[in-house]
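Asker: Generate coordinates for the sequence data below:
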Amino acid sequence: MRRVAAVGLVALLGVVALMSVGCVSEEKYNSVLMRNREQDKLIQDKDSQLAGLTERVNALTASRTDAQRLLAEKDDHLATVMRERDAYKKALDEMRDIVKNLSQQPILGGPGIPAAVAAQIQQLADQYPGVFDYDQATGRLRFNADITFDSGSNAVKPDARAAITKLGGILSADAAKDIKVEVVGHTDTDAVKKAATVELLKRLGKAANNQGLSEARAEAVAQILVAAKVEASRIATKGVGESQPIADNKSAEGKAKNRRVEIFLTGPGTAAPPAAPAATKPAAPAF
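Answerer: Got it, this is the predicted structure:
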């Protein structure tokens, strides 16, 4: 408005100046008025542009303020997320260390076996290296058949008999009274050919093949456990012959690993090992 007043004053002074010099023609008068209007319009346009620019500057300033606020909030949120991430990473590293430490320790008890019983069996295995080994995680004892039996025989050798008898002593104690025992016999793929072995299996009522031999050896081990006061009702036996090899039967070393007797121990409410041929109660051994 001050600019409009100033323009009007300039125009008025121009008219006065013209009048002061004498008579002014109507043409000159109208020309001055026209210029005054044009100047007034230009000033109004500039004021409008200035108002628009001022509004845009104010809007940009507000946007900048909002942007700065959002950036600050973003930085705070990012810092919080990074702190949480670091905390989770630390917790994960600690958990991994715990798992690593646990993996390096023996798993006492296995499938429902009391820790004290598992510890006794492990000590027994340490006393008889090469006779059997004990997998505490699965509750499996694996006897080397070549050390446990003579070729083609179901008669248990002295060292293996001593170890099995001591095992029976552990399993007959009150701490182990609820443990179930399954004895499984295995063979390699070599056919049963010795006349003495064939005669032995026939006398026991077994098939004169690897299946029959595996059954006879499992039952012989079970009988030693029964003699050591382990209830027969807790024991089951089965032979699987050559059907479950753990090594290649093409080499002598592989065959030796496949000729084995395994004892599986399971606590109450624990699933037994996967079934092979039907389990049987221990029969009378042949010596």
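Asker: Point me to the helix or strand that includes the nearest residue to residue 149 once chain neighbours are set aside.
Answerer: Distances taken as Cβ to Cβ, 6 or more residues apart in numbering put residue 217 closest to residue 149, at 6.0 Å, once the chain neighbours are dropped. In short, each C-beta sits where N, CA and C put it, glycine included. Using DSSP states H and E, residue 217 maps to helix 210-227.
Asker: Show me what that helix is packed up against.
Answerer: Here helix 210-227 touches helix 145-148, helix 158-171, strand 180-186, helix 195-203, strand 235-239, strand 260-266, going by 3 or more Cβ pairs under 8 Å, 6 or more residues apart in numbering; DSSP states H and E.
Asker: okay, the ones you listed in a markdown table with mean neighbour count, mean pLDDT and distance to residue 91 next?
Answerer: As requested, the helices and strands packed on helix 210-227 are arranged in a markdown table below (neighbours: other Cβ atoms under 10 Å; pLDDT from 0 to 100; distance: least, Cβ to Cβ, whole Å):
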| stretch | mean neighbour count | mean pLDDT | distance to residue 91 |
| --- | --- | --- | --- |
| helix 145-148 | 20 | 83 | 49 |
| helix 158-171 | 19 | 96 | 41 |
| strand 180-186 | 25 | 96 | 40 |
| helix 195-203 | 15 | 93 | 61 |
| strand 235-239 | 23 | 96 | 46 |
| strand 260-266 | 24 | 95 | 35 |
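Asker: Out of those, the one nearest residue 86 is which?
Answerer: Of all those, strand 260-266 sits nearest to residue 86, with 44.7 Å by Cβ to Cβ.
Asker: and the longest helix along the chain, what does it pack onto?
Answerer: As assigned by DSSP state H, the longest helix anywhere in the chain is helix 26-103. Packing partners of helix 26-103 (3+ Cβ pairs under 8 Å, 6+ apart): helix 2-20.
Asker: any idea of the mean pLDDT for the helix it packs on?
Answerer: Mean per-residue pLDDT for helix 2-20: 51.
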